[in-house]
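Chemist: test case, fold it:
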Amino acid sequence: MPYGTIISEPLTRFKDPVTGRQMIRVTDLAAHCHHPYFYSRMFTPDGKKLMYTSYRTGRPNAYLVDLASGRSMQLTDAKAMDGFMSTLSADGTSLFYVDGNSLMRLAIDSGKTETLYTQQPPYDERALYPGFSSDYRYVLLSQMHRDDIVKGKSGWDAFEPQFRAAPRCRLLYLDLVRGTEHVVLEEQCWLGHPQIHPKDPGLLMYCHEGPGHLIDNRMWLIRNDGTQQRPIQISNREKFGTPSKEIVTHEYFTPDGTYAAAVYLPGPTPGRIVLAALSTGDITDLGEVHSYLHFIHSPDMRYIVGDERSSAMNTAAIWVFDMATKQEMKICLHASSLKPRGASTQDAHPHPSFSPDMRYILFSSDRETSPDGNCAVYLADVNDLKQQLQTISNR
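Modeler: Numbering: from 1, shown residues only. Alright, predicted model coming up:
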């Protein structure tokens, strides 16, 4: 189906069975759907429309749904779109997305598309992974040499073998206005999660990817000219030991640019929220939480929303952590199986985030079809969040 095709599916409203919170299932269960990666921009600035990925055409494409009517408009008709690597521009007028080896931009009002960058040999056989500056002028890419990609495995089966292959990787920095590019860093190490600081486009963050107990250090900073490379030391192995299940992951810059935040799962103990001050390197450990797989701050930095990993996933929840009171509140069940869909490990990961007006918490889940059915996109209404957290604090 082409750009502009309208899909009319009713929004399904219900109450969460545990918390009683008002919920909306945005997408129909007849098609597999999820939203892009959790630090992508998915809402229009006014919060009235939401961009998501659907496989209703047989392959992933981007759609924009009006949250008042439930009408979705197809944005892309891509041959090989990456379902997670898409984001709206800051003003909501453009969509940036990945189609095979190319980074694309689409004008939402007209459907006009342009190719911004295409990967070239020998860095052209692994999915294009972009991180954007806040004004979308600059793009940071992590790329892997085609001869070092582990073949014959996919998903989590390829995770440790790809790390042990010590692949040749590089960070490539693009200026979309000038049409220039340059290599920031080359290492014989798996590089991932490229990100650009929200206030300073010359400050970059990336990760050494691989099993947590095997990599030297997960999180790294570097300037876009290749100088001032330094690690962010989140792991506290002196306190928690060196368990084989230690994980530092899903790092991001906080909205105000003050911290780098990350999930810290030190093994058999519950997960923790950890912040690293970018100016000093000082670590703030906010304490134990419900072992979030992913978390991210609200736009005003007051709250953190996370998705729980539990031994009983049918009871796993979306939680909000109040930065002021250091208290958690259960928002709703996500109850997602987290199971891979084919080669994709992420489709059933909730990846929660706030809408720009903080009216909703967005997440994906297979809660109604798990463990092998279609995922769907959900919204939890948190318009009364501040009042509810204050009630908890006063108890």
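Chemist: Lys339 is in contact with Trp156, correct?
Modeler: No: under the contact definition of Cβ atoms under 8 Å, Trp156 does not touch Lys339, with a separation of 10.5 Å. Glycine gets a C-beta too; all of them are placed from N, C-alpha and C.
Chemist: who's more crowded, those two?
Modeler: Relative neighbour count places Lys339 above the other of Trp156 and Lys339, with 14 against 9, counting by other Cβ atoms under 10 Å.
Chemist: need the mean per-residue confidence for the helix or strand containing Leu275.
Modeler: Element membership of Leu275, judged by DSSP states H and E, is strand 272-277. Throughout strand 272-277, pLDDT has a mean value of 92.
Chemist: local confidence estimate at the nearest residue in space to Asp347 that is not next to it in sequence?
Modeler: Among residues not flanking Asp347 along the chain, Arg341 sits closest, at 4.3 Å (Cβ to Cβ, 6 or more residues apart in numbering). Reported pLDDT at Arg341 in the predicted model: 82.
Chemist: now Leu214
Modeler: 85.
Chemist: my read: it touches Phe163, true?
Modeler: Yes: counting by Cβ under 8 Å, Leu214 does reach Phe163; the two are 6.3 Å apart.
Chemist: settle it for me: which of those two has more neighbours?
Modeler: When Leu214 is set against Phe163 and neighbours are counted by other Cβ under 10 Å, the residue ahead is Phe163, at 18 against 12.
Chemist: heading C-terminal from the strand holding Leu275, find the next helix or strand.
Modeler: Toward the C-terminus, strand 272-277 is succeeded by strand 283-288 as the next helix or strand (DSSP H and E).
Chemist: distance of Val139 relative to Tyr129?
Modeler: Separation of Val139 from Tyr129 (Cβ to Cβ, to the nearest Å): 10 Å.
Chemist: repeat for His334
Modeler: According to Cβ to Cβ, His334 stands 25 Å off from Tyr129.
Chemist: tell me which of the two has more neighbours.
Modeler: His334 (29 against 19).
Chemist: neighbours of the nearest residue to that one once chain neighbours are set aside, how many?
Modeler: Once flanking residues are discounted, His334 sits nearest to Pro350: 4.4 Å by Cβ to Cβ, 6+ apart. Burial measure for Pro350: 31 neighbouring residues, criterion other Cβ under 10 Å.
Chemist: make 17 the first number, not 1, from now on.
Modeler: Yep, numbering from 17; the last one is Pro366 now.
Chemist: quick check: phi and psi on Pro366?
Modeler: Comment: the main-chain dihedrals of Pro366 come out as phi -60, psi -40, following degrees, to the nearest 10.
Chemist: residues in contact with it?
Modeler: Under the criterion of Cβ atoms under 8 Å, 6 or more residues apart in numbering, the contact partners of Pro366 comprise 309-310, 323, 334, 350, 352, 379-381.
Chemist: so the nearest residue to Gln362 once chain neighbours are set aside, which of the three states?
Modeler: Using Cβ to Cβ, 6+ apart and skipping the chain neighbours, the partner closest in space to Gln362 is Phe100 (6.1 Å). State at Phe100, reduced to three classes by DSSP: H, G, I helix; E, B strand; the rest coil: coil.
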